[in-house]
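> Dropping a prediction and its sequence here:
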Amino acid sequence: MGTLRFTQKRLEELQCPPGKPNIYVHDADTKGLTLYVSQSGVKSFYLYKRIGGKPTRLKLGRWPDELSIDDARREAVKASGEVAKGNNPHRDRLTARRETTLGELWTIHLEHARQHNRPSSVAENESQYRTHLERWAGRRLSEITRADVERLHRSIGEKSGKYAANRMLALLSHMYRVTATRIGFAGPNPCAGIEKFKERSRDRYLTSEELPKFFAALDQEPEIFRDLFRMALLTGARRSNLQAMAWVDVDLSRKVWSIPADDAKAGEPIHVPIVGEAAEILTRRRNADPNGEYVFPSRGATGHIVEIKSSWDRITKRAGITGLRPHDLRRSTGSWLAAAGVSLPIIGKLLGHRNASTTQVYARLALDPVREGVLAGTSAMMAAARAKPTEGGTQ
């Protein structure tokens, strides 16, 4: 090993002598700072230091691509200070290399979620991860900072909306707070302290003026979509439950559709009364397919209908209705039930809501008053739907 004062010109001229695989040269200005020069011309800065009584070389970075001479001197002084405090930067770097990546954490998180969460919830999280977080799959958990998450949260909010940004933040925070802790990660949660965007709750529903236009447009769709969207309004069920509606859960003799707890968002079974036109639709579909597994079957991998966007776009465009989403059909059901005088506890019972102040009331409700309330509300809604569309609507 030789010693010289590192300068740009000297490092450019420095070569490994023929016959040697590499050489190390010390900097005369910074104690411990060393330059490694390979026979192929690669030059890298190291800190040469006794750590724990053993001579150790701690790599700082390549010259000139990663570190300038001044940067290398600063890094060497910083690392020497850590050693003086009793820390071991070399060991810490080895530990960091073995640290779990976000991609590895996601695999662990997903496996656990599939065992304990509803399929629809798992699917939503998978979509969130693929869309927003997969870009960080190769990063170590300790490398993701609060500033990184704040920037991502803000970017998603601007491009995809506040709701999507908040869902990403909730997923990532849960992965650090629960899953990472479970596997022994002791670092900080980079989501801690980041304020979610304020979300404005939607109050969109089908009005009495829109209902006739909606149904007139719906009547031009294939039967499976006509029945699906009518059932959405007649039951108030979530779209994911309705699309995966299985005959094994339908009792036509008792006129009840029982959504299993595993498929219900609140984690409790929901018993949906099948009344009026809903009973007619299900009876007709069962007679047409007496051995089918699903009420709304398809040839896809799931066995039931999944893609509804194209049909929905056709319906709303044909009806001249803007700003309406499929989930708003569920809100429409609740709104029309309330307008018909159905009590909020009964509406909550039907829709499967779980609220701390009303859960006990829901639990005491029998199915008969819910059935009567649904019949009253949906009858009023369907009567409005049978009215002629206002001028300018679809006939």
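Sure thing, it's come through. Numbers count the residues shown, from 1 in each chain.

> buried stuff in the helix or strand where Glu111 lies?
Here Glu111 is covered by helix 102-116, with elements defined by DSSP states H and E. By neighbour count with 16 or more other C-beta atoms under 10 Å, helix 102-116 contains the buried residues Leu102, Leu105, Trp106, His109, Leu110, Ala113. Glycine gets a C-beta too; all of them are placed from N, C-alpha and C.

> cool, stretch 24-42 as well?
Val25, His26, Asp27, Thr30, Gly32, Leu33, Thr34, Leu35, Tyr36, Val37.

> Can I get those in JSON lines including pLDDT, secondary structure and distance to Arg204?
JSON lines is the format used below for the buried residues of stretch 24-42 (pLDDT from 0 to 100; DSSP: H, G, I helix; E, B strand; the rest coil; distance: C-beta to C-beta, whole Å):
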{"residue": "Val25", "pLDDT": "94", "secondary structure": "strand", "distance to Arg204": "71"}
{"residue": "His26", "pLDDT": "93", "secondary structure": "strand", "distance to Arg204": "72"}
{"residue": "Asp27", "pLDDT": "94", "secondary structure": "strand", "distance to Arg204": "68"}
{"residue": "Thr30", "pLDDT": "93", "secondary structure": "coil", "distance to Arg204": "66"}
{"residue": "Gly32", "pLDDT": "90", "secondary structure": "coil", "distance to Arg204": "67"}
{"residue": "Leu33", "pLDDT": "94", "secondary structure": "strand", "distance to Arg204": "65"}
{"residue": "Thr34", "pLDDT": "94", "secondary structure": "strand", "distance to Arg204": "67"}
{"residue": "Leu35", "pLDDT": "94", "secondary structure": "strand", "distance to Arg204": "66"}
{"residue": "Tyr36", "pLDDT": "93", "secondary structure": "strand", "distance to Arg204": "65"}
{"residue": "Val37", "pLDDT": "93", "secondary structure": "strand", "distance to Arg204": "69"}
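
> List just the nearest of the buried residues of helix 102-116 to Asp148.
If you rank the buried residues of helix 102-116 by distance to Asp148 using C-beta to C-beta, Leu102 comes first, at 10.8 Å.

> How about the contacts made by that closest one?
Going by C-beta atoms under 8 Å, 6 or more residues apart in numbering, Leu102 touches Leu133, Trp136, Ala137, Gly138, Arg139, Arg140, Leu141, Ile144, Met175.

> State the helix or strand in which the closest residue to Leu206 other than its chain neighbours lies.
Leaving aside its chain neighbours, Leu206 sits nearest to Ser332 (4.3 Å; criterion: C-beta to C-beta, 6 or more residues apart in numbering). Using DSSP H and E, Ser332 maps to helix 328-339.

> Just give me how far that helix sits from the chain centre.
Taking C-alpha atoms, centre = their mean, to the nearest Å, one finds helix 328-339 lying 27 Å from the centre of the chain it belongs to.

> can I get the CA coordinates of it in PDB?
What follows is helix 328-339, C-alpha atoms only, in PDB (Å, rounded to 0.1, in the frame of the first residue of the first chain):
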ATOM      1  CA  ASP A 328     -74.700   4.000  -6.300                       C
ATOM      2  CA  LEU A 329     -77.500   1.500  -7.000                       C
ATOM      3  CA  ARG A 330     -77.000   0.200  -3.500                       C
ATOM      4  CA  ARG A 331     -77.200   3.800  -2.200                       C
ATOM      5  CA  SER A 332     -80.400   4.200  -4.300                       C
ATOM      6  CA  THR A 333     -82.000   1.200  -2.600                       C
ATOM      7  CA  GLY A 334     -81.300   2.700   0.800                       C
ATOM      8  CA  SER A 335     -82.500   6.100  -0.200                       C
ATOM      9  CA  TRP A 336     -85.800   4.800  -1.600                       C
ATOM     10  CA  LEU A 337     -86.400   2.600   1.500                       C
ATOM     11  CA  ALA A 338     -85.900   5.700   3.700                       C
ATOM     12  CA  ALA A 339     -88.200   7.800   1.600                       C
END
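
> how about that helix: buried residues?
Asp328, Leu329, Arg330, Arg331, Ser332, Thr333, Gly334, Ser335, Trp336, Leu337.

> could you say what helices and strands that helix packs with?
helix 223-235, helix 344-351, helix 367-385 (3 or more C-beta pairs under 8 Å, 6 or more residues apart in numbering; DSSP states H and E).

> Of all those, which one is nearest Pro190?
Per C-beta to C-beta, nearest to Pro190 of the helices and strands packed on helix 328-339: helix 344-351, 36.0 Å.

> Reformat the buried residues of helix 328-339 as JSON lines; add pLDDT and distance to Pro273.
Converted to JSON lines, these look like this (pLDDT from 0 to 100; distance: C-beta to C-beta, whole Å):
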{"residue": "Asp328", "pLDDT": "86", "distance to Pro273": "22"}
{"residue": "Leu329", "pLDDT": "88", "distance to Pro273": "17"}
{"residue": "Arg330", "pLDDT": "84", "distance to Pro273": "16"}
{"residue": "Arg331", "pLDDT": "80", "distance to Pro273": "19"}
{"residue": "Ser332", "pLDDT": "83", "distance to Pro273": "17"}
{"residue": "Thr333", "pLDDT": "81", "distance to Pro273": "12"}
{"residue": "Gly334", "pLDDT": "78", "distance to Pro273": "15"}
{"residue": "Ser335", "pLDDT": "75", "distance to Pro273": "18"}
{"residue": "Trp336", "pLDDT": "75", "distance to Pro273": "15"}
{"residue": "Leu337", "pLDDT": "74", "distance to Pro273": "12"}
